[in-house]
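Peer 1: I'll drop the sequence and a predicted model, then ask my questions.
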Amino acid sequence: MRIALTLGSLAGLNILLVFIYQWYVVTILGPGAETDALFAGMVVPQLVLAVVSSSLTHVLVPMLATSDETKLNQDAWSFLQGIGLLFGGIATVLFVTAGAWVPWTVPGFNISTKLLTISLTRIQLISMVFMALNGVLLSVNHARQRFIRVELISILATIAGLAFLLWGLPRFGVSSAAWAMVLKVVIQTILLLPGIGSYRRPDWRSKSVKEAWKRLRPLLLGTIYYKSDQFIDRFLASMTLVGGLSLLHLAQQIYAAGNQILNKAVASPMVPLLAQKAHCGDWQSFRTIVRNRLFWIVMITGAGFLCLLLVGQQFLGLLFGHNRFGEAEVLILWRLLVALAGVWIGGAMGLILSTSFYAKGNTKIPTRIGVIGFTLGLGFKVAGFYKWGVLGIAAGTTLYNFLNVILYQIALSRHLRKLIQDGDENRSI
């Protein structure tokens, strides 16, 4: 509990700094064409971050947590260089072709806003590469249970990026916001790199690399598919009112920030522990850990949503009602947060349930559930968009997240019940 509280506090401070970044941009510039272009340009880096956090860390942490120091260092450098080459190549292709594909993702923007989106996307593609590298570096530190060190480094990097933003936004405009994110992830990579030990040449033929790729292959393909909901959201939101995309993004980021705190304080620390329980076949303890974490997640998110309903609009007014962020925008933001309840409650529950599968090395079941949920959720979002506009997109997202939770819970309960029964039969024999 003490470790969870410490991690939660550090993660909370880091998220607060990131939130100040978002707050400063939208209050100074106001929700409009510039912020729409900035947040639309973040889609690809955020997709990479989502894929990396949902794939790399969940696969690598359980594998590395049971490796000795020498093997861990060798595997870490192999993974790091492989991921760097892969995402470096992807970023290069996307950078060169951005003028062709970016406009298709924001059909509702006018010509000038599309051109600005292309420019900001290219800047943020640089951060995409470093986000991918950080996925490996974070996995190594989590496997070694260096959670506090990771959070401190993230805080330092975020402070540096925020300082650049505060200096640059009044002077260079919205482009400085994109460069601030690049600076942050580059500093984070530099500070995390010494934690994996002295340089090792990659060993592409090692058993660990082959096993990691075996687990990652279905997970990456599935995750890229169902995490592309951000593209769908931006695509639809670009056809709503000017500033609607920015407000939807801001609402999603508020909940994402909360979920990230819960992930770092509750979900991530349980991965090495669950991996060890799975390794020795102690499925009763495995199930108990999952149930306890799930209980606390429901209590925390439920209390938070109740506060939003009671005093959320007034609080948002105090927080955002400055400069170019008016009362009408505050009301829309509050309604979006209410409509996105599933992202907050269901998303946090899904973190615990999906992490439980990854901790035991099972990537197929959560990937399959993610694909099914996303496919159905796509229909929910499109129907909601045509009925209620940007609020309908949010409502469709909520249905999608709660559907995933139900599917995760059914699959995990069945899976653990079978493993426990098999273990009891083996002991009786």
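Peer 2: Good, I have the coordinates.

Peer 1: contacts and neighbour counts: CA atoms only from here.
Peer 2: Noted.

Peer 1: And the strands in the protein?
Peer 2: All residues of the chain lie outside strands when identified by DSSP state E.

Peer 1: shaky segments in it?
Peer 2: The model of the chain has pLDDT under 70 over residues 1-4, 49-50, 52-54, 58, 66, 218-219, 221-223, 226, 423-429.

Peer 1: One more pass at 50, please.
Peer 2: Per-residue confidence of the chain (counting by pLDDT under 50) places the weak regions at 428-429.

Peer 1: Phi, psi for residue 203 please.
Peer 2: Backbone torsions of residue 203, given as degrees, to the nearest 10, read phi -110, psi 90.

Peer 1: Which residue comes closest to it once chain neighbours are left out?
Peer 2: With C-alpha to C-alpha, 6 or more residues apart in numbering as the criterion, residue 203 has its nearest non-adjacent residue at 5.9 Å, and that residue is residue 78.

Peer 1: what do you get for residue 57?
Peer 2: Using C-alpha to C-alpha, 6+ apart and skipping residues adjacent in sequence, the residue nearest residue 57 is residue 139, 5.1 Å away.

Peer 1: if I pick that neighbour, what's in contact with it?
Peer 2: Residues in contact with residue 139 (C-alpha atoms under 8 Å, 6 or more residues apart in numbering) are 56-57, 60-61, 64.

Peer 1: out of those, which are inside helices?
Peer 2: If you go by DSSP state H, the contacts of residue 139 have 57, 60-61, 64 in helices.

Peer 1: Highest neighbour count among those residues?
Peer 2: When neighbours are counted by other C-alpha atoms under 10 Å, residue 60 leads the ones in helices among the contacts of residue 139 with 29 neighbours.

Peer 1: Distance check, it against residue 136.
Peer 2: Here residue 60 is placed at a distance of 8 Å from residue 136 (C-alpha to C-alpha, to the nearest Å).

Peer 1: need the contacts of residue 139 in TSV with distance to residue 217, can you?
Peer 2: Listed next are the contacts of residue 139 as TSV, based on distance: C-alpha to C-alpha, whole Å:
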residue	distance to residue 217
56	11
57	14
60	13
61	16
64	18
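
Peer 1: re the thing from before, please report the number of neighbouring residues for the residue nearest to residue 203.
Peer 2: Neighbours of residue 78 using other C-alpha under 10 Å come to 23.

Peer 1: ok, now residue 93?
Peer 2: When neighbours are counted by other C-alpha under 10 Å, residue 93 registers 11.

Peer 1: Surely residue 337 and residue 253 touch.
Peer 2: No - counting by C-alpha atoms under 8 Å, residue 337 does not reach residue 253; the two are 10.2 Å apart.

Peer 1: Who has more neighbours out of those two?
Peer 2: Applying other C-alpha under 10 Å to residue 337 and residue 253 shows that residue 337 carries more neighbours, namely 28 against 17.

Peer 1: Which residue, neighbours along the chain excluded, lies closest to that one?
Peer 2: In this structure, residue 337 finds its nearest non-sequential neighbour in residue 251, 5.6 Å apart by C-alpha to C-alpha, 6+ apart.

Peer 1: and residue 14, what is it in contact with?
Peer 2: Under the criterion of C-alpha under 8 Å, 6+ apart, the contact list for residue 14 reads 151, 154-155, 158.

Peer 1: Next, format those residues as CSV and append neighbour count.
Peer 2: Putting these into CSV (neighbours: other C-alpha atoms under 10 Å) gives the following:
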residue, neighbour count
151, 22
154, 24
155, 23
158, 25
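
Peer 1: what's the most distant pair in those?
Peer 2: Taking every pair in these and measuring C-alpha to C-alpha, the maximum separation is 10.4 Å, between 151 and 158.

Peer 1: All good on my end, thank you.
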